[in-house]
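S.K.: the amino acid sequence is not available; the structure is as follows:
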């Protein structure tokens, strides 16, 4: 065993030889990976390692040896985990998945200027990773990211969420946050809303869970209409501005493949709603759509999005893209529709985009990603699908700038 020491024992009447080997510059084995964040790891990793070997022989009889294996790595990791458990959470990395709207009905305009909607929201496997660690600062959070154009100040929903948590709980923790962004912005996928929900969840973990999930969900509606959804278990029927969230059992199988296709151009949500006209909206009962999906799965008939007509006015090329995907994907996709206010087009039933997306110069810069539906367990945050799951789907994505 590479990460263990061995010791040989002999009978008492035997002549014993001890060899002590000092591996002066040898680090811990390459397989050793600290589980926690305690300083114990840092101090120990920088020290030298030792091995002890004792052998014994008896001149009057055959030599006898007994090997005892000491699991050094396991003992060290167990000790380090105990240290970290006693020290509390000091850093946390969480998956921040996006969502799609399987259908989206606009049911009226409110006195406050917002629109009432009824929609089936579902979390999907495309997501960002966010790393949180406690900051010594008592006045400001620090935020960094891997892509340009993302605001790093109070305009960012992560910072808004952390400010909201401190305001509601009185807990005065500040954080260093790194956002590893994979979900495109202006896509109708709720990436920013998911980031905010994830930040609230993280802040609550660092504070010893002083708030309930229900409280986090209710508070989150103060900074964004889509944020409360992410405190569901991954599938929900949402009404009001989107902040009224009714958890439902997953209405579709988790292994149903999807492809997400987003052009470089975004659809400004405010402009889409500005162009919305009631005569363009569907009149179908959204609860009937939900019932059909629960019974028969996703079909083109049920994937109604009342924001498609105004979004296609804002971005005519998006309408053409949807039409081309639907035409090229006949027999390949069960449904093709726009998510949210755009500009992502979703194909359900296959992880593969149509070939023209690769061949046509017009679409050389589109964002592409395979995905599937995911949910979360009670009292746990969303978990990124494993590499095994991804490999089974052949998951890949084309990165965006």
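M.R.: Yep, it's here. Quantities reported herein were computed from a predicted structural model and do not represent experimental measurements.

S.K.: which residue ranges form the helices in this protein?
M.R.: 39-45, 72-87, 157-169, 191-206, 213-220, 269-274, 286-296, 308-314, 316-328, 356-359, 387-393 (DSSP state H).

S.K.: worst mean pLDDT among those helices?
M.R.: Comparing mean pLDDT across the helices of the chain, the weakest is helix 39-45, with a mean of 37.

S.K.: thinking again about what came up before, any idea which of the helices of the chain gets closest to residue 263?
M.R.: helix 316-328 (6.2 Å; C-beta to C-beta). All C-beta atoms are positioned from the backbone trio N, CA, C, and that covers glycine.

S.K.: which other helices and strands contact that closest one?
M.R.: helix 308-314, strand 335-338, strand 345-348, helix 356-359 (3 or more C-beta pairs under 8 Å, 6 or more residues apart in numbering; DSSP states H and E).

S.K.: one more time with 6 Å
M.R.: Applying 3 or more C-beta pairs under 6 Å, 6 or more residues apart in numbering; DSSP states H and E, we find helix 316-328 packed against strand 345-348.

S.K.: what residues are up against the residue nearest to residue 217 when sequence neighbours are not counted?
M.R.: Sequence neighbours aside, residue 231 is the residue nearest to residue 217 in space, at 3.8 Å (criterion: C-beta to C-beta, 6 or more residues apart in numbering). Going by C-beta atoms under 6 Å, 6 or more residues apart in numbering, residue 231 touches 213, 216-217.

S.K.: about what we covered before: want to throw the helices of the chain into CSV with mean neighbour count and distance to residue 178?
M.R.: Output for the helices of the chain, formatted as CSV (neighbours: other C-beta atoms under 10 Å; distance: least, C-beta to C-beta, whole Å):
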stretch, mean neighbour count, distance to residue 178
helix 39-45, 13, 20
helix 72-87, 14, 20
helix 157-169, 20, 10
helix 191-206, 25, 12
helix 213-220, 18, 21
helix 269-274, 15, 27
helix 286-296, 15, 37
helix 308-314, 21, 32
helix 316-328, 17, 32
helix 356-359, 14, 31
helix 387-393, 12, 22
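
S.K.: any chance of those helices in CSV, plus distance to residue 369?
M.R.: Shown next, in CSV, are the helices of the chain (distance: least, C-beta to C-beta, whole Å):
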stretch, distance to residue 369
helix 39-45, 35
helix 72-87, 34
helix 157-169, 21
helix 191-206, 12
helix 213-220, 25
helix 269-274, 21
helix 286-296, 23
helix 308-314, 20
helix 316-328, 14
helix 356-359, 12
helix 387-393, 11
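
S.K.: relative to residue 250, which of these is closest?
M.R.: helix 286-296 (9.6 Å).
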